[in-house]
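Asks: sharing a model that was predicted from the sequence below.
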Amino acid sequence: MELTVRGLCKYYGDKKAVDNVTFTLTEGVNGLLGANGAGKTTLMRMLSGVLRPTAGTVALGGVDVSSEDYRAVLGYLPQELGYYPDFTGLDFLMYLASLKGLSRSHGKRRAAELIEFTGLGDAGRKRIRTYSGGMRRRLGIAQALINDPDLLIVDEPTAGLDPGERARFRELLSELGHHAIVLLSTHIVSDVEQIAGRMLMMSFGRVVIDEPWDTSRTDLEELYLKRFGGGEG
């Protein structure tokens, strides 16, 4: 299966947030690096179907991003995820499982598995309004995985996580990459350098680097700083 992006653009008046982006991704972990303001989040929102592009196309295995079939196999973790504060963590995951078409029994089982995996444990039965920022981020990770997606899009996923949680999440993404397309957007080099088989870098709305990545390399930080050390202007 392939994620095919062709001529993708998003303009706000004269500002080009994403400008003529084209690439094809296959199964595995793909890193998307760029400074704040590079256009990463705008790109991820278009790939997830949240934001309509000004021009261009996005398709997964030939299925357009606007279709229900695309959304059924998509997992998405945005930078800011909305919650129902009076839901418990488990209730929230079961609700999203139902929206993804999982049966009640499957959704309940999957929600319990992900609550444990993300380290929420007993907090899964507490209301989300009592959660810390890090706990909400872990719940966000869980909801992105609820349907065992074929395409997982995650935007700055390790924000608010401690080093142990970040390492565990990277291991999970690496495992998922064996049978799914994973796109991980971040400005933190260590989040991607040891797990990504492909590296994309964005600057001023364009993908300026798109190449296979050897995880045994140790110069990603140097490459990133050379390109983005001065930010986006």
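Replies: Perfect, I can see it now. Numbering: from 1, shown residues only.
Asks: quick one: the helices in the chain, in order.
Replies: Along the chain, counting by DSSP state H, helices occupy 40-47, 68-72, 89-99, 104-117, 133-144, 163-176, 220-228.
Asks: and those helices, which is most packed in?
Replies: Comparing the helices of the chain by mean neighbour count (mean count of other Cβ atoms under 10 Å), helix 40-47 ranks first with a mean of 23. Heads up, the C-betas are built off the backbone N, CA and C, glycines and all.
Asks: who touches that one?
Replies: For helix 40-47, contacts defined as Cβ atoms under 8 Å, 6 or more residues apart in numbering pick out 3, 5, 8, 10, 17-18, 21, 32, 34, 51-53, 58, 65, 76, 78-79, 153, 155, 183, 185, 202, 205.
Asks: the same query, at a cut-off of 6 Å, please.
Replies: 10, 17, 18, 32, 34, 51, 53, 58, 153, 155, 185, 202 (Cβ atoms under 6 Å, 6 or more residues apart in numbering).
Asks: residue ranges with poor pLDDT in this protein?
Replies: Across the chain, the ranges flagged by pLDDT under 70 are 160, 229-233.
Asks: hmm, 90 instead?
Replies: Within the chain, the segments meeting pLDDT under 90 span 1, 34-38, 79-83, 99-101, 117-119, 132-138, 141, 155-177, 186-194, 213-233.
Asks: closest to residue 28 out of the helices of the chain?
Replies: helix 163-176 (9.3 Å; Cβ to Cβ).
Asks: export that closest one as PDB, just CAs?
Replies: C-alpha atoms of helix 163-176 as PDB (Å, rounded to 0.1, in the frame of the first residue of the first chain):
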ATOM      1  CA  PRO A 163      12.200  10.000  28.500                       C
ATOM      2  CA  GLY A 164      11.000   6.500  29.300                       C
ATOM      3  CA  GLU A 165       7.600   7.100  27.700                       C
ATOM      4  CA  ARG A 166       9.200   8.600  24.600                       C
ATOM      5  CA  ALA A 167      11.500   5.600  24.200                       C
ATOM      6  CA  ARG A 168       8.500   3.200  24.500                       C
ATOM      7  CA  PHE A 169       6.500   5.200  22.000                       C
ATOM      8  CA  ARG A 170       9.400   5.100  19.500                       C
ATOM      9  CA  GLU A 171       9.600   1.300  19.900                       C
ATOM     10  CA  LEU A 172       5.900   1.000  19.200                       C
ATOM     11  CA  LEU A 173       6.200   3.100  16.100                       C
ATOM     12  CA  SER A 174       9.000   1.000  14.900                       C
ATOM     13  CA  GLU A 175       6.900  -2.200  15.400                       C
ATOM     14  CA  LEU A 176       3.900  -0.600  13.600                       C
END
